[in-house]
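**Student:** missing the sequence, but the structure's below:
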């Protein structure tokens, strides 16, 4: 029975080593997949901003037309005085809203890309942790096997150190 123990230790250590490697690879792949999804979300946020700007411009053109018609109905000369000030104010507000939509989308997309970077880092750390666990498994198995091997070797160390090669003290150890 004791002759089989080293083989059992070696076998279970090999299985544990392989599982630790598989778990590390899986965790890294899962985190890389999360990163890819987050990168895709960042791209969608940027594309949505362009859509939102197009929708805003559509609404702006409608309001601009309604304002022009209302001013013309009231007898105000288009392009001068109050009509000009209203048109200028609306154009400035349009530009401000477009910039705000772009800025907000850039911030949100940057946040998603940052999350993606952290997911990749987390995956790399998971893989490295599994490699460290594998090294620990090998070290533990090696230590166990070496310790088991020491039971068959006689202990030649006495109270005053080794006496194996000293004929004077060999009887006193």
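**Tutor:** Sure thing, it's come through. All values derive from a computational prediction rather than experimental measurement.

**Student:** give the contact list for the residue nearest in space to the middle of the chain.
**Tutor:** Central residue of the chain (Cα atoms, centre = their mean): residue 119, 0.9 Å from the mean position. Applying Cβ atoms under 8 Å, 6 or more residues apart in numbering to residue 119 gives the contacts 31, 32, 34, 35, 38. (C-beta placed from N, C-alpha, C; glycine too.)

**Student:** state whether the last one is indeed within a strand.
**Tutor:** No. Residue state for residue 38 (DSSP: H, G, I helix; E, B strand; the rest coil) corresponds to helix; a strand is not indicated.

**Student:** that one: neighbour count?
**Tutor:** 19 (other Cβ atoms under 10 Å).

**Student:** one more: the first one?
**Tutor:** Around residue 31 there are 21 other residues, counting by other Cβ under 10 Å.

**Student:** double-check it against residue 127; I have them as touching.
**Tutor:** No. Counting by Cβ atoms under 8 Å, residue 31 does not reach residue 127; the two are 9.0 Å apart.

**Student:** thinking again about what came up before, need the contacts of residue 119 in a markdown table (columns: secondary structure, pLDDT and distance to residue 61).
**Tutor:** Output for these, formatted as a markdown table (DSSP: H, G, I helix; E, B strand; the rest coil; pLDDT from 0 to 100; distance: Cβ to Cβ, whole Å):
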| residue | secondary structure | pLDDT | distance to residue 61 |
| --- | --- | --- | --- |
| 31 | helix | 96 | 46 |
| 32 | helix | 96 | 44 |
| 34 | helix | 97 | 41 |
| 35 | helix | 97 | 40 |
| 38 | helix | 97 | 35 |
